[in-house]
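K.L.:
model this:
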Amino acid sequence: MKNKPFIGIAGNIGVGKTTFTKLVAEKINLKPYYESVDDNPYLSDFYGDMDRWSFNLQIYFLQHRFKHHLEIMQNNKGVIQDRTIYEDVSIFAYNLYQMKIMSKRDWDTYRDLFYNMEQFLRKPTLIIYLKASTDTLINRIKNRDRGYEKDISEAYLHRLNIYYKKWFGTPNDFNVLEINTNNFNIFKDEEKFDKIIDDIKNKLNKLQP
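P.N.:
Purely as a prediction, here's the structure:
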């Protein structure tokens, strides 16, 4: 595996991105960058009143990931990022707009801000898409028992899954490795995890000059 890869981990709420990020970082010796969740000042308010807080939440995530992106571009070693900035605009914010939770005015402002930021971004060497069924996501969310997630609806998660499938099913400029996590326990299925690590290394070796 070549030096200084930039891996982005993509996937729906509850799919296991943070744990996957941590363990892959340890295996491949990458610096991890984590999504702001437990310390997010808007997340609990958002789940309590999506209409009121959708724009605030998405702006917070956007600036947080943009900050990480700038740090990543200055880093002198390989990195792995828990959720990419591209998912924010293409999946989460867009879904809120389509559900009429985010107004067209806020969506237009948010989207324009993202596209202005995007020109300064370094694209990930590889995006690893962790996917799972809505039922699997619901079970994992219940098991991790975060209070602010207790009111996430199955319909909301299902819509996000649809947008993920559409986004990754459409040709784009990203190199993608898809991993189905429905029947995968990262703590118990050591052989499968080792195989995934080998797949990641092989993919990076082919992508990096």
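K.L.:
CA only for contacts and neighbour counts going forward, please
P.N.:
Fine.
K.L.:
Let me know the secondary structure of residue 178.
P.N.:
strand (DSSP: H, G, I helix; E, B strand; the rest coil).
K.L.:
quick one: contacts for it?
P.N.:
Residues near residue 178 by Cα atoms under 8 Å, 6 or more residues apart in numbering: 128, 129, 130, 131.
K.L.:
Specify the beta-bridge partners of the third one.
P.N.:
Read that as residue 130. Beta-bridge pairing for residue 130 (DSSP bridges): residue 11, residue 179.
K.L.:
where in this structure is pLDDT low?
P.N.:
Under the criterion pLDDT under 70, the flagged ranges of the chain are 1-2, 148, 208-209.
K.L.:
in it, which spans are helices?
P.N.:
Using DSSP state H, the helices of the chain run over 17-28, 43-48, 50-74, 85-87, 93-98, 104-118, 134-144, 154-169, 190-207.
K.L.:
For residue 37, which of these is the nearest?
P.N.:
helix 43-48 (7.3 Å; Cα to Cα).
K.L.:
mind listing what's buried in that closest one?
P.N.:
Buried positions in helix 43-48, judged by neighbour count with 16 or more other Cα atoms under 10 Å: 43, 44, 45, 46, 47.
K.L.:
and which of those residues is nearest residue 97?
P.N.:
Closest approach to residue 97 among these (Cα to Cα): residue 46, at 14.4 Å.
K.L.:
Tell me if I'm right that the closest one and residue 60 touch.
P.N.:
No. Counting by Cα atoms under 8 Å, residue 46 does not reach residue 60; the two are 11.6 Å apart.
K.L.:
tell me the phi and psi of the most centrally placed residue in the chain?
P.N.:
Geometric centre of the chain, nearest residue: residue 83, 2.3 Å, by Cα atoms, centre = their mean. Per-residue torsions, residue 83: phi 70, psi 140 (degrees, to the nearest 10).
K.L.:
ok, it to residue 206 distance?
P.N.:
23 Å (Cα to Cα, to the nearest Å).
K.L.:
And residue 91, by the same measure?
P.N.:
28 Å.
K.L.:
More neighbours: the two, which one.
P.N.:
Each of residue 91 and residue 206 has its neighbours counted (other Cα atoms under 10 Å); residue 91 has more, 21 against 10.
K.L.:
for stretch 136-147, the distance to its chain's centre please.
P.N.:
In this view, stretch 136-147 has its centroid 17 Å away from the chain centroid, taken as Cα atoms, centre = their mean, to the nearest Å.
K.L.:
buried stuff in it?
P.N.:
For stretch 136-147, by 16+ other Cα under 10 Å, it's 137, 138, 141.
K.L.:
repeat for stretch 192-205
P.N.:
So, applying 16+ other Cα under 10 Å, buried residues of stretch 192-205: 193, 197, 200, 203, 204.
K.L.:
Stretch 95-114 too?
P.N.:
Of the residues in stretch 95-114, 95, 96, 97, 101, 102, 103, 107, 110, 111, 114 count as buried by neighbour count, 16+ other Cα under 10 Å.
K.L.:
What residue, apart from its backbone neighbours, is nearest the first one spatially?
P.N.:
Among residues not flanking residue 95 along the chain, residue 160 sits closest, at 7.0 Å (Cα to Cα, 6 or more residues apart in numbering).
K.L.:
The one you found against residue 92, yeah?
P.N.:
Yes. With contact defined as Cα under 8 Å, residue 160 counts as touching residue 92 (7.0 Å).
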